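**Q** sequence unknown, structure follows:
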């Protein structure tokens, strides 16, 4: 069945700068009217950010990330009529992208191949946590830490990415993951505790 839109990989800096100033509500309104220019505007405004989010979740596989980004935007265009504007457009797209990543891993049945960030230092996982790379640390230590992170359940990894890589507030994460803010806070606590425990076990071994 032919797709209603042709997604165009256009990266025009001037256009993006202009699009970022466009009111989200008006953009969604144009999408609902099947305005072809709105499709290009949406893609140019958010494709890079969605790609970066997905890329860090699929073992940095460029082809897989591209496919999921395309699926995300096709799904967004098909569901634009149902988007009520209760969240930001980017939050809405992140929610769709997260679901597509989950679908990918269900299809592949290999969650262990899920990668989030370039590196993670054990001493950075405190009460508030910080999943950021440390270029001064040894690559082998990074790799060992990544393997611990990969062993976490998918929903733990997703919530950690959104919180500490995307630096999103709990309310926005709750919109993306379809959970209440209280549920997200509990999920973050469990994810951090699980990560700390696995890192401690690794260091003892």
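**A** Cool, the structure landed. Treat the numbers as computed from the prediction; the structure is a model and nothing was measured.
**Q** ranges for the strands of the chain?
**A** Counting by DSSP state E, the chain has no strands to list.
**Q** give me the low-pLDDT residue ranges for it?
**A** Across the chain, residues meeting the criterion (pLDDT under 70) sit at 1-22, 109-146, 203-205.
**Q** can you map out the helices along it?
**A** For the chain, applying DSSP state H gives helices covering 13-19, 24-32, 36-55, 62-78, 89-108, 139-150, 154-160, 170-177, 181-204.
**Q** tally of neighbours for residue 149?
**A** A total of 21 residues lie near residue 149 under the criterion other CB atoms under 10 Å. (Glycine included, C-beta is placed from N, CA and C.)
**Q** kindly state the domain boundaries assigned to the protein.
**A** 1-115, 117-205 (automatic domain parsing).
**Q** nearest residue to residue 71 other than its sequence neighbours?
**A** residue 100 (5.0 Å; CB to CB, 6 or more residues apart in numbering).
**Q** the one you found reaches residue 74, doesn't it?
**A** No - using CB atoms under 8 Å, residue 100 makes no contact with residue 74, being 9.8 Å away.
**Q** more neighbours, the two?
**A** More crowded of residue 100 and residue 74, by other CB under 10 Å: residue 100, with 20 against 17.
**Q** which residues touch that one?
**A** Contact analysis of residue 100 by CB atoms under 8 Å, 6 or more residues apart in numbering lists 54, 68, 71, 72, 75.
**Q** for residue 183, same thing?
**A** residue 174.
**Q** ok, residue 172 next?
**A** Residues in contact with residue 172 (CB under 8 Å, 6+ apart) are 87, 88, 91, 162.
**Q** distance of the residue nearest to residue 55 when sequence neighbours are not counted relative to residue 92?
**A** Once flanking residues are discounted, residue 55 sits nearest to residue 65: 4.2 Å by CB to CB, 6+ apart. Residue 65 sits 19 Å away from residue 92, going by CB to CB, to the nearest Å.
**Q** also residue 36?
**A** Distance of residue 36 to residue 92, computed by CB to CB: 20 Å.
**Q** so for these two, which residue has more residues nearby?
**A** More crowded of residue 36 and residue 92, by other CB under 10 Å: residue 92, with 22 against 11.
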